Structure formats: structure tokens, C-alpha cells
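Enquirer: fold the following and give me the result.
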Amino acid sequence: MARRPGCVLVLSLIAIACLVSFAALVTLSVIVGREPSVSPRSTLVMRLSGDLAEGGPGDPLTSLLPTRRPPSVDAVVENLRKAKVDTRIASVLLLPSGFGTPYWAKLQEVRDAIFDFRRSGKPIYAHLEFGGQSEYFLATACDRVYLVPSSSLDLTGLASYEVFLRGTLDKIGAYPDMIHIGDYKTASNQLTEKTMTPAHREMAESLNTDAFDQMIRAIADGRKRSEADVRALVDKGPFLAEDAKAAGLVDAVGYEDEVRDILKAGRTDARQMDLADYMRISAQSLGLNKGPRIAVIFASGAIVSGTSGYDPLNGPAVGSETLIDSIRKVRNDSRVKAIILRIDSPGGSAVASDVIWRELMLARSDKAGKPLVVSMSDLAASGGYYIAVAAPTIVAEPGTLTGSIGIYGGKLVTGGTYGKLGMTIESVSKGRYAELNSPVRPFNEDERAKIEQQLRAFYDLFLKRVAESRRMTPERVDQVGQGRVWTGRQAKEIGLVDELGGLDRAVALAKQRARIAPDAEVEVVAYPPRRTLYDWVTSQMGASDQAARLLSLVGFADPRAAGAAMTPLTLFRRGEVLALMPYVFVR
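Expert: Numbering: from 1, shown residues only. Okay, here's the model as predicted:
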């Protein structure tokens, strides 16, 4: 009983600490929530780095600490659109650096937004602290490009790399017993092969060539040079800063403060405003993002059953339950006049993809009456393409990776790995196929036939879904399918997508389908809604135990690539049929 006063004191202190912390968060939220003032003739400074993520449900701390992570691609586009009409913004300084993305579609979308901003007549300059190829690609959309004198311009062309783990698995006694449908369905090859098959290499070369052609065309357009000139210059790269200037690839060399002084010239009262602050200026205050409501549902990450979350090795995962919940909310909201499904996904679970497709079809049915348009980001392949064909209209960037109409399944047999460690596994089972997914041995003949039957049934369903949506025969879909990945530009040529462009183009088409005037403003609302603190904390705890144990046995120069190759083992149920594209990273 003597301890009770001490316990009461401790509990009281804890309660006071909680109240103070809560009050501090509320105060910080109020302070941050106030829109900052924008001085006349300001320069908007946009520092972009890391991976450009998709929008949608951010973590709950983002609103309180807006600089804690890079802005999403839709946030960058929206703020350029705001700056275009904001009379207080006189110019923009773009500072791209350290892009980690191996893909091009998001960069193309931001690039298009830069060109749209330039229609205002306001200048936008780019300053490169380091002239990486992705950073330079974005910078060439600007009026002028500056490069730090001590930096280089690494304009060298594109190379693609893929990781094959078969040799590693052999060393640790693991056997990938995988089955696939489609000559180009190469995701399982990263486990079963030690090098590219002929079909794999053909596809990789096609993707690399088309991406390279798009890069050359973009740089030529931005720098007002012929494509032949740019191709010749790429073969001479990388360039020292002065050599890049002499070749006309950049306009001048200089430090960031010198470029800021140039933008200030003649405007003694000019101010500079960081993007993180300008993001707090509401679009509505500038006459934007108001009017009839259009919902944008974000499907970002590998497609899995259950709720959305985050996997340590593979990044975000879009759960069928989470996405379906958003689709139903939008479907039943009378204020929503049209739906845009924004996809940035390599695919994933075949069943999860199918149930998402079904819910989208219900949303666009005559009863619901919601026009549906798909906007593809970097990736909308395999299961990502499966859910896309629920829409009658599909928009992709030229650099989007899509298609991959094919599936695979199987298991990783790890009995040999345990044996090397001195462990044995014994089983007791009843039922002919009870050990179908045994981790100890490969499939027997009857089990393999059962798996092949499941794969064939879903592949035929995949062909049927695409054929009905794209007004093709199943035979024609099979010809362009077979698991082959296409760029968005290639996909448009063969009829897998309808138009090239970004989210803005999808909004324009959604307005058209909803019979909203082309020049009318609309309110774009993102789904799923922002997560709670509890949702955010629990979503960071996704497990990749099996892959982590296997990868810990050897060292990998690129854990991201190895982790992506191990995706079938980390995100999905053993034996699950997968509609998933291979991981390819282009530099």
C-alpha cells in the first residue's frame, strides 16, 4: 500500500506529458495549417530529389512536417499549375538531384507540366548540382539549364540490368520450381535462370531501344537540336561542365546562388519561396480544383490480397480490401461525377487483381453511372494491366511499362537449404494434394498438372478480359501478350492503350465522359483517404522473413533488385497464381 502515492505520481506525470504532447501537436498543426504569404514577384524554388512517389494516402506526419519527404509527382504537377496562374509567382527555379527511379513515365509527366507552365510566359530555369541523366532529362524542358562548374554531365545512353538468382539458389541448396505461361513472362526467369533467354533478351532490347529513342527525342526538342546531333553527342559523353556548355547541352555553368541572382535581376524586392511552403497554398484560393468532383483512386505498389501496407524489401503494396473499399465509397458518392484509376503497379496476385477488376466494373455500370478512365504512371503491367482493362479509356505516358499479359506460379523448394544447415523437415499429411506446396520437394507429375490447369484457366480469363475491353480477339491478345512488357508508346501502337499523356489528360477525358465543359474547373479528390497514425505505424511492419533469411546468406550489391526478384516469396501466399512483371532497372 505504501507504493500507491508513487504510482499515482508516475501516472499523473505520464498523463500530463501526454496532454502537453497533444497540445503541442495541435498547436503545430494550427501553425502549419495557416497558408503562408507569397510576396509579389516571387521565385518558386522546386527542389526535387529521390523517387517521385505517387499521391494518395500519405502518412499523418506529412501535414505537420511537409519537408520530411520529397513531394509526389501529382503534387509537383499541381504546384506548377498553381504557379502558372498565381500572379505573385514571377519565375521558377528547378533543382533536380539524386533521382533514384529507374523509370521514365513520372519524369515525363513532370516535364509536360514544365512545358505547360512555360505557356504563362514566366521563365523557369534549371540548375544541376550534378548532371545525372534523369536530372538532365527533366531540366531540358526548362528555358535555361545551368550546371555547377565542377560537375559533369553524365549523358551516356541507357543500359538495363536484371538480376538472376539461380546460381545463388543452387549454392544454398534451394530449388525454384516455377511454371509460367507466355514466352516473355520472364519474372520467374529471375529465379529459374542464370541468364536471359532469347525471348527475354529480345524484349529487354526492345524496351531499352524505345526508352533511348524517347530520351533522344525529348532532349532534341528541349535543346532545339536535331535527333542526329543528340545521338552523336550521347556517344561522346560524359562531358565536363565547360564541354557541355560548348556543345550546347547546357546554357551556362554556375553555382546556385548565381542563378538565383540572375532570376532576381531587375526585381530588387523579389523573394524566393520553397516548394514545401508553396504546397500549403490551396489551389482553391487561386481558382483551381473546385467545381464538380472527380475521384482519383491511387493503386500504387504490388497488388496483394487484404489491406494495403508497406513491405521492407518491395515497398508499398496495394491491398484488394483497401482499394475495393475506396471504389465502393466513390461509387456510392453522388457528388463524384467520374472516376480516374491511377495505377503505378507491376501487378501481383491474380485473384486480388480479379476482384479489384470486378469492383471497378460495378462502379462504371449503368446503375452506378460513373465514367471510368485509367491513368498509368511508371508501371501498369500484368495484374496492373488486368485492373486497367476495366476502363474503356486508358491513358499512359510514352515511358510507362505496361502489358505483361501472362502469369506464373510455383514455389521455392528450400529443403536443401535446411539440409546444408544440418536441419531436416518431416511431414505428416492426409489428402492426395495436401503436400502440393511442400517446401521440401518439387512438384510431382500430378501436382504439376494441377498447377498448370490453374495457370491456364486464369491466362484464358486474362485474354478474355483484355479482348472484351480492347475490342480484340483473344487470339490477337495472345499475340501481343505472352507476358511481353511494352512501353506506353508501343502499347498505343498495338491497341493496349488509347492515348498518351499524364493525369491531366485523364482528367480532361473524365470531364468529357461526364459531360463537364472542357474549360470548367473540377475538384480532384484522392482516394484512399489519408491514413491515421495507427494505420501508418502498423503498415510499416510488413514482414519479409523468408526472403530476409535467404538474402542474409549472401551479399548483394543492389538489395532493391534482389528484393524485387524475391517478391514471389515475400508478398504472396505459397502457391498463389501471380500476374507480376519482372523487375528491370534502366540507367
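Enquirer: where does the prediction get shaky in the protein?
Expert: 1-13, 15, 17-34, 56-69, 266-270, 312-314, 366, 368, 530-575, 582-587 (pLDDT under 70).
Enquirer: what's the nearest residue to the residue nearest to the spatial centre of it if we skip its chain neighbours?
Expert: The centre of the chain sits closest to Asp344, judged by C-alpha atoms, centre = their mean, with a distance of 4.2 Å. In space, Asp344 comes closest to Ser377 once its chain neighbours are excluded; the distance is 3.7 Å by C-beta to C-beta, 6 or more residues apart in numbering. In short, each C-beta sits where N, CA and C put it, glycine included.
Enquirer: tell me how the protein divides into domains.
Expert: Domain segmentation of the chain under automatic domain parsing yields 42-156+237-284, 290-412+458-580.
Enquirer: run a quick neighbour tally on the closest residue in space to Arg111 that isn't next to it in sequence.
Expert: Spatial nearest neighbour of Arg111, chain neighbours left out: Ala141 (4.4 Å); criterion: C-beta to C-beta, 6+ apart. By the criterion of other C-beta atoms under 10 Å, Ala141 has 25 neighbours.
Enquirer: who's in contact with Ala141?
Expert: Going by C-beta atoms under 8 Å, 6 or more residues apart in numbering, Ala141 touches Arg111, Asp112, Ile114, Phe115, Arg118, Ala218, Gly222.
Enquirer: just the strands in the stretch 401-550 of the chain please.
Expert: Under the criterion DSSP state E, counting those that start in this stretch, strands of the stretch 401-550 of the chain are mapped to 401-403, 407-413, 485-487, 499-500, 523-527.
Enquirer: quick one, which of those strands gets closest to Val395.
Expert: Between Val395 and those, the shortest gap by C-beta to C-beta is with strand 499-500, which sits at 4.9 Å.
Enquirer: what secondary structure does the residue nearest to the centre of the chain sit in?
Expert: strand (DSSP: H, G, I helix; E, B strand; the rest coil).
Enquirer: go through stretch 291-301 and flag the buried ones.
Expert: Residues of stretch 291-301 classed as buried: Pro292, Arg293, Ile294, Ala295, Val296, Ile297, Phe298, Ala299, Ser300, Gly301 (neighbour count, 16 or more other C-beta atoms under 10 Å).
Enquirer: cool, and stretch 382-399?
Expert: 382-391, 393-399.
Enquirer: got the end-to-end distance for it?
Expert: From its first residue to its last, stretch 382-399 covers 16 Å (C-alpha to C-alpha, to the nearest Å).
Enquirer: tell me the gap between that stretch and the middle of its chain.
Expert: 14 Å (C-alpha atoms, centre = their mean, to the nearest Å).
Enquirer: re earlier: nearest to Glu258 among the buried residues of stretch 291-301?
Expert: Comparing those against Glu258 with C-beta to C-beta places Ser300 closest, at 38.4 Å.
Enquirer: can you pull the contacts of that closest one?
Expert: Under the criterion of C-beta under 8 Å, 6+ apart, the contact partners of Ser300 comprise Ala53, Glu54, Gly56, Pro316, Val318, Arg342, Ile343, Asp344, Ser345, Ser377.
Enquirer: over to Gly98?
Expert: Ser49, Gly50, Phe130, Gly132.
Enquirer: chain neighbours aside, what residue packs nearest to the third one?
Expert: Yep, that's Phe130 we're talking about. Nearest-residue entry for Phe130: Ser151, 5.1 Å, with adjacent residues in sequence omitted and distances by C-beta to C-beta, 6+ apart.
Enquirer: ok, the one you found to Leu233 distance?
Expert: For Ser151, the distance to Leu233 (C-beta to C-beta, to the nearest Å) stands at 17 Å.
Enquirer: who has more neighbours out of those two?
Expert: Taking neighbours as other C-beta under 10 Å, Ser151 and Leu233 compare with Leu233 leading, 21 against 18.
Enquirer: any figure for the gap between Ala302 and Gly309?
Expert: Distance, Ala302 to Gly309, by C-beta to C-beta: 10 Å.
Enquirer: which residues does the residue nearest to the centre of the chain bridge with?
Expert: Ser300 (DSSP bridges).
Enquirer: wait, it touches Asp378, no?
Expert: Yes. Contact status for Asp344 versus Asp378: in contact at 5.6 Å, counting by C-beta atoms under 8 Å.
Enquirer: show me where the stretch 151-300 of the chain has its strands.
Expert: Counting by DSSP E, counting those that start in this stretch, the strands of the stretch 151-300 of the chain are 152-153, 160-161, 175-181, 239-240, 252-253, 272-274, 293-300.
Enquirer: between these, which one is nearest to Gly409?
Expert: Closest to Gly409 of the strands of the stretch 151-300 of the chain is strand 175-181 (C-beta to C-beta; 5.9 Å).
Enquirer: let me see the contact set for Arg271.
Expert: Residues near Arg271 by C-beta under 8 Å, 6+ apart: Ser39, Arg41, Ser42, Thr43.
Enquirer: quick one: buried ones out of the residues you listed?
Expert: Among the contacts of Arg271, those classed as buried by 16+ other C-beta under 10 Å are Arg41, Ser42, Thr43.
Enquirer: was I right about Thr43 contacting Lys264?
Expert: Yes. The criterion here is C-beta under 8 Å, and Thr43 meets it with Lys264 at 7.3 Å.
Enquirer: check contacts around the residue nearest to Phe130.
Expert: By C-beta under 8 Å, 6+ apart, Ser151 lies in contact with Leu128, Glu129, Phe130, Gly131, Ala241.
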